[in-house]
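Student: What follows is a predicted structure for the sequence shown.
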Amino acid sequence: ANPIMGLLGTTAYHGSPYLFEQFDPRKVGTGVGQNAFGQGTYFSESQDIAKEYLAPKANSAASNFLYKDKPIDPSDEAKRSAAYFLNYFKGDKDAILNMYKPEYYQSGGGKQFKKYIETMDVADIKPAGTLYKVDIPDKDIPKMLQWDKPIKDQPEIFNLIKSNIKDDDIRKSFESNAKSGITGSNAYLNYIGGKTDSEKSKNALELGIKGIRYLDPKYINKDFEPYIQNYVVFDPSEVKILEKGLLK
C-alpha cells in the first residue's frame with residue numbers, strides 16, 4: 001500500500017553488497033549511502049533505486065562484482081578495480097584511463113589494470129550484491145516524519161517534537177514557524193536537537209519518531225505522479241525481510 005495515498009503499511013526494497021538474515025541496528029551508518037535524510041537503514045518503494053546500492057563504493061579494489069556471471073578472484077585487485085570503474089563510468093574506458101598519469105601504466109599493477117579496462121566489457125559486469133524485499137511494520141508508518149510535507153499537517157509528529165522543547169521561546173518559535181508552513185525537514189534539522197546526524201536520529205527515535213519518509217530527489221517532478229517514496233528507519237530491527245537473493 002502507498003502511504004502517499006493515505007494507506008498504512010508498505011513493501012519496500014533495500015540493496016546491499018552484503019548478505020545477512022536480519023537488519024542489525026549496529027550496522028546503521030556503515031552502508032554505501034550518504035545518510036542525507038538522517039542516520040538509519042534506507043529503503044525504497046522502487047527496486048531500481050535499491051539496486052543502485054548493491055555495489056560497494058568506498059574501495060574499488062575491494063569491490064564485489066560478477067564478471068560473466070562468475071565471482072572475480074578476491075586476490076585480483078586490478079580486475080576488481082577495473083570492474084568497479086567500468087560499472088561506475090558506465091563503460092567509458094577513456095574516462096577511466098585518464099584518471100591516472102601515464103607513468104602509472106608503466107608499473108606492473110598499472111599495466112594489468114589497463115589490460116582489464118581495455119578487454120573487459122561493461123555488459124558482462126554485475127554487482128554481486130543482495131536485493132531485499134521487506135515489510136516495514138504498519139504501526140510505524142504514521143510515526144515516520146515526512147520530510148517534504150508541512151509539519152503542521154503531521155499532527156502526531158508535530159506534538160512529539162513540541163513536547164520535547166523545554167525553552168518557551170523556542171517552543172513559540174516552532175509553533176509560529178509550523179503555522180507558516182515549514183516542512184518536516186526543517187523541523188527535524190532545527191528542533192529535534194543534536195549536532196550530528198547520529199545525534200538527531202537518536203533523539204528523534206527517543207521521542208517516538210520511528211524514521212523519515214521522503215520523496216526521491218531524482219524523481220520529483222510536479223507533472224508526474226505517483227512519486228517514488230523512500231524510507232529511513234532509525235531502528236531496523238523490526239523490519240521483516242520477505243525475500244532476498246543474489247543477482248545472477
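Tutor: Great, that's in hand. Residues are numbered from 1 along each chain as shown.
Student: and the closest residue in space to Lys90 that isn't next to it in sequence, how far is that from Gln229?
Tutor: Of all residues not flanking Lys90 in the chain, Val122 sits nearest, at 6.7 Å (Cβ to Cβ, 6 or more residues apart in numbering). (Glycine included, C-beta is placed from N, CA and C.) To Gln229, Val122 is 31 Å away according to Cβ to Cβ, to the nearest Å.
Student: More neighbours: those two, which one.
Tutor: The neighbour comparison of Val122 against Gln229 (other Cβ atoms under 10 Å) goes to Gln229, with 22 against 16.
Student: Thought Pro217 was touching the more buried one, still the case?
Tutor: No - counting by Cβ atoms under 8 Å, Pro217 is not a contact partner of Gln229; they are 11.7 Å apart.
Student: distance from the centroid: which residue in this structure tops it?
Tutor: Centroid-distance maximum for the chain: Gln106 at 38.6 Å, with Cα atoms, centre = their mean.
Student: ok, now how distant is that residue from Leu54?
Tutor: Going from Gln106 to Leu54 by Cβ to Cβ gives 34 Å.
Student: Can you report how many residues lie near the residue nearest to Tyr53 when sequence neighbours are not counted?
Tutor: Distances taken as Cβ to Cβ, 6+ apart place Gly15 nearest to Tyr53, at 3.9 Å, with adjacent residues excluded. Gly15: 25 surrounding residues under other Cβ under 10 Å.
Student: swap in Leu160?
Tutor: For Leu160, using other Cβ under 10 Å, the count is 17.
Student: What residues does it make contact with?
Tutor: Shown in contact with Leu160 (Cβ atoms under 8 Å, 6 or more residues apart in numbering): 207-209.
Student: Of the residues you listed, grab the buried ones for PyMOL.
Tutor: Selection of buried members from those for PyMOL, criterion 16 or more other Cβ atoms under 10 Å:
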select buried, resi 207+209
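Student: Would you format the contacts of Leu160 as a markdown table with pLDDT, secondary structure and distance to Ala82 included?
Tutor: Output for those, formatted as a markdown table (pLDDT from 0 to 100; DSSP: H, G, I helix; E, B strand; the rest coil; distance: Cβ to Cβ, whole Å):
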| residue | pLDDT | secondary structure | distance to Ala82 |
| --- | --- | --- | --- |
| Leu207 | 95 | helix | 47 |
| Gly208 | 96 | coil | 48 |
| Ile209 | 97 | coil | 44 |
